[in-house]
Structure formats: structure tokens, C-alpha cells
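Q: compute the structure for the input listed below.
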Amino acid sequence: MLPTQSSGAGKFSDLDLSRLPSPCFVIDEIKLTENLQILKDIATATDAKILLALKAFSMWSLAPLINDYLAGCCASGLWEAQLAKKYFSGELSSFAPAFKPSEIEDIAALSSHLVFNNLSQHATFADVALRQGTETGLRINPQHSEGQTAKYDPSMTGSRLGQPLDQLMQLDRPEINGLHLHNLCEQGFDPLARTVAAIEPYLSAHKGRFQWLNLGGGHMLTQPDYNTEALIALLKRLSSDYAAQIYLEPGTAIAFDAGILVGEVLDVTDNDGPIAILDISATCHMPDVLEAPYRPAMLNEASEDGVNVTLGGPSCLAGDVIGTYTFPDMPERGQRLAFLDQAHYSMVKTTTFNGMRMPSIAIWNSQTDALKLVREFNFSDFERRLS
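A: Residues are numbered from 1 along each chain as shown. Sure, this is the predicted structure:
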């Protein structure tokens with residue numbers, strides 16, 4: 001099981017959870033701004049361009065704030081590209097493992113860069129990008145694994161992501177403007193340094209050939225212990241050595257520790273130990289809890305001297321279990337609780353399986369304590385997904 005990345009509750013310890021509907025995602029715009037400032041400082045120090053990975057955090061109501069700090073967005077398909085153009089500013093880099101022929105014209109028209117997953121995709125669709133005046137890139141597979149678990153390792157054996165590097169060493173495609181790679185998942189500087197070392201023989205053999213190099217996402221740039229000085233030195237060197245514009249496209253780092261998911265206890269029962277059923281579902285509201293899997297940190301969890309309670313969701317899935325947590329006393333019906341670091345990925349992955357209500361969305365200012373409810377969901381949202 002992967003450990004939680006959260007560095008703690010921060011200002012969320014001061015938030016009165018009873019002010020919110022349940023369940024509800026809450027984003028602290030002050031913490032988000034602090035993260036964005038860190039990224040902007042890195043970009044300023046290195047002349048790199050940092051893009052928001054919409055696949056991780058696409059809360060467009062905060063686009064005016066994000067636009068002040070980042071150089072643009074990266075999209076994984078047509079709808080994300082349309083969202084980026086409607087609400088966000090700056091550049092748009094679009095990548096998909098395979099593009100649909102019926103969508104490629106629209107994606108190319110919206111994008112600054114169109115990144116192809118392999119040479120086959122590039123050969124099929126590069127002319128579309130050329131007609132639209134869109135730069136083209138190729139995703140490479142560094143064939144160097146840094147993933148902590150196979151399902152999040154783009155370089156695992158048999159990966160469908162990126163053209164394997166050993167198939168490119170003797171190949172020169174002058175029509176490809178840049179290279180893209182994504183090899184990390186919520187990791188620090190050292191895995192990035194090792195990944196760069198793995199691709200440098202190829203970069204050196206094609207020195208000055210590519211206009212840009214996109215190092216993808218998975219960089220935990222806003223984690224307190226991230227080695228920012230080493231990153232800045234590396235990005236400067238890559239830009240200088242290879243005469244290339246450097247891009248980063250973090251997702252988690254942008255909203256890291258900037259959001260919580262608030263819920264309440266619906267019932268407490270016992271089966272070989274206490275079980276509390278919440279209105280938060282792991283499978284519907286925090287699917288990475290089951291997919292990774294990992295145990296999210298809980299706001300104000302008690303010490304080991306309390307009562308250990310298994311927390312589960314209200315869906316019919318037997319495995320809809322969030323984890324076991326320690327409470328000072330046995331939780332009661334109606335009691336509010338919250339899980340930390342839920343802004344990224346959880347929000348974009350919510351589903352209505354079992355007719356589950358999706359969590360409301362609120363923006364909180366941890367300096368002024370101002371709270372704004374920006375979205376609530378109802379039956380029509382569920383109904384419109386079906387026919």
C-alpha cells in the first residue's frame with residue numbers, strides 16, 4: 001500500500017466542517033496560491049514553462065487565479081482541450097495514447113503542441129497538425145523504471161506509453177519539433193535525475209535537434225522537502241546543453257494539500273470490530289484509495305490510544321472501504337470528518353455508481369475564513385449521464 005503524501009492538515013484544522021454540505025470537496029485558495037507561487041518561482045529561475053495537468057486538477061472556477069501563475073495547460077483529449085481553451089489562458093499541449101480520427105482536427109486546432117504517443121500516430125496525423133500550424137512532439141519511453149507500483153509505471157515492460165528509446169537511436173525525424181516523457185508519479189528530484197540520465201545519450205546524439213523538451217508530470221515540486229535547488233540547476237543545464245525550451249506539467253503538485261473531502265457518519269455497526277459507514281464512498285469519490293491502493297490521512301485523527309474504527313462507504317461494493325482510523329471516542333451518527341489532500345485526482349475521478357451523489361465543491365479562504373459554495377449536484381446530473 002502506498003503511503004499518503006499529505007504533509008498535514010495545515011489551516012484546515014481551523015475550518016468548521018458543519019458549515020458545509022456533505023459530502024463536499026473544499027479547496028483552500030490560499031494554499032493553492034502558495035503552491036502556484038512555488039511553481040512560478042521555479043519557472044522564473046529557469047525560464048522553463050510550467051503547465052497545469054488538467055487530468056489531475058481541472059477546477060475551472062479557479063482558472064483566473066491559476067492563469068496568473070502558469071504558462072498554460074496540458075490536455076489528454078478533446079474535452080480537456082476544450083475546457084482549457086474556454087477557461088484557461090496560455091499554451092496548450094495535448095497528448096493521448098491514441099487520437100480518434102473524428103477528433104484530431106479539433107484537438108490540433110485548439111493545441112499549441114500535439115504530442116504523439118508513437119511514430120505510427122505521428123505518421124498518421126502529423127499532416128493534420130501541419131495544416132493547423134500546430135507543433136508536433138513525440139512521447140518517448142525512457143525504458144527506465146522509477147514507478148513505485150506497476151500500474152503507475154510508464155516504463156514497465158510492455159508499456160503502451162511512448163516510443164521505446166532503443167527504437168529511436170538511429171532515427172532522425174526532422175518534422176518532430178519536440179520530445180515528451182512522463183516517467184514519475186508523485187516523486188522527488190532523484191527519480192527525475194535518474195530518468196534524465198537514462199535519456200541523455202539520445203539527447204546528446206541529437207543535440208540541438210529539438211526545439212523543446214517536456215519532462216511531463218509526477219514531480220512533487222510543492223512538497224516541503226523537494227530539492228528545488230537541484231531541480232533548478234538541472235533545468236538550466238538541459239536548456240543550455242540542448243538549446244531547448246523546457247516544459248513541466250505537474251498535476252498533483254499544483255493542488256497538493258490544498259483540498260479536503262468532508263463527509264459525515266451515517267451509521268456505526270460492529271463485525272469483528274467497529275465499522276462506521278460514511279456518505280463518502282472510496283469507489284465513487286476517492287477511487288485511488290482502491291486503485292493505488294493507499295490510505296488517505298484523516299483530519300484530526302486521534303493518537304494510538306483511541307478507538308480503531310474501519311471507515312467504509314455507502315455503496316453496494318463490498319470492498320468500498322477507506323481504511324481503519326483512530327478516534328478519541330466511538331464516532332456517532334451525524335459526526336463530521338474529512339480526508340486530507342483530496343483536491344487532485346479525487347475530484348476529477350468521481351462517479352455516480354449506485355446513483356451516488358457527487359460531492360459538492362466549495363472554495364475557502366484560510367486567511368479570511370470566507371467560504372463560497374461553487375457547485376452542488378442533484379438528480380439531473382445523474383440522469384443526464386444515462387438514456
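
Q: going forward, measure contacts between C-alpha atoms and count neighbours the same way
A: Will do.

Q: in contact with Ala96, which residues?
A: Neighbour list for Ala96: 76-77, 115-117 [criterion: C-alpha atoms under 8 Å, 6 or more residues apart in numbering].

Q: quick one: which of those residues sit in helices?
A: Using DSSP state H, no member of the contacts of Ala96 falls in helices.

Q: any chance of the residues you listed in CSV, plus neighbour count and pLDDT?
A: Output for those, formatted as CSV (neighbours: other C-alpha atoms under 10 Å; pLDDT from 0 to 100):
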residue, neighbour count, pLDDT
Ser76, 19, 97
Gly77, 19, 96
Val115, 29, 98
Phe116, 30, 97
Asn117, 24, 98
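
Q: farthest pair in those?
A: Within the contacts of Ala96, Gly77 and Asn117 form the most distant pair, 12.7 Å apart (C-alpha to C-alpha).

Q: overlap in contacts, those two.
A: By C-alpha under 8 Å, 6+ apart, the residues touching both Gly77 and Asn117 are 95-96.

Q: right, and the helix or strand after the host helix or strand of Thr33?
A: Using DSSP states H and E, Thr33 maps to helix 29-46. Counting by DSSP H and E, the next helix or strand C-terminal to helix 29-46 is strand 49-53.

Q: contact partners of the helix or strand following that next one?
A: Once the chain leaves strand 49-53, the next helix or strand it forms, by DSSP H and E, is helix 63-67. For helix 63-67, the surrounding residues in contact (C-alpha under 8 Å, 6+ apart) are 33, 36, 87-90.

Q: mind giving me the packing neighbours of the helix holding Thr33?
A: Contact here means 3 or more C-alpha pairs under 8 Å, 6 or more residues apart in numbering; DSSP states H and E; on that basis helix 29-46 packs against strand 49-53, helix 228-242, helix 252-255.

Q: buried deepest among the ones you listed, which one?
A: Most buried of the helices and strands packed on helix 29-46, by mean neighbour count (mean count of other C-alpha atoms under 10 Å): helix 252-255, with a mean of 29.

Q: need the next SSE after that one, C-terminal direction.
A: Remark: after helix 252-255, the chain's next helix or strand is strand 259-270, criterion DSSP H and E.

Q: next, the angle from that following strand to helix 29-46.
A: 130 degrees (axes from the mean of the first three to the mean of the last three C-alpha atoms, to 10 degrees).

Q: what sits up against the very next helix or strand once past strand 259-270?
A: Beyond strand 259-270 on the C-terminal side, the first helix or strand identified by DSSP H and E is strand 274-278. Strand 274-278 has contacts (C-alpha under 8 Å, 6+ apart) with 263-269, 308-314, 331.

Q: 7 Å - rerun?
A: By C-alpha atoms under 7 Å, 6 or more residues apart in numbering, the list of residues contacting strand 274-278 from outside reads 263-269, 309-314.

Q: give me the sheet partners of the host helix or strand of Leu92 and which way each runs.
A: Per DSSP H and E: Leu92 is located in strand 91-96. Its sheet considered, strand 91-96 pairs with strand 72-75 (parallel), strand 113-116 (parallel) by DSSP bridges.
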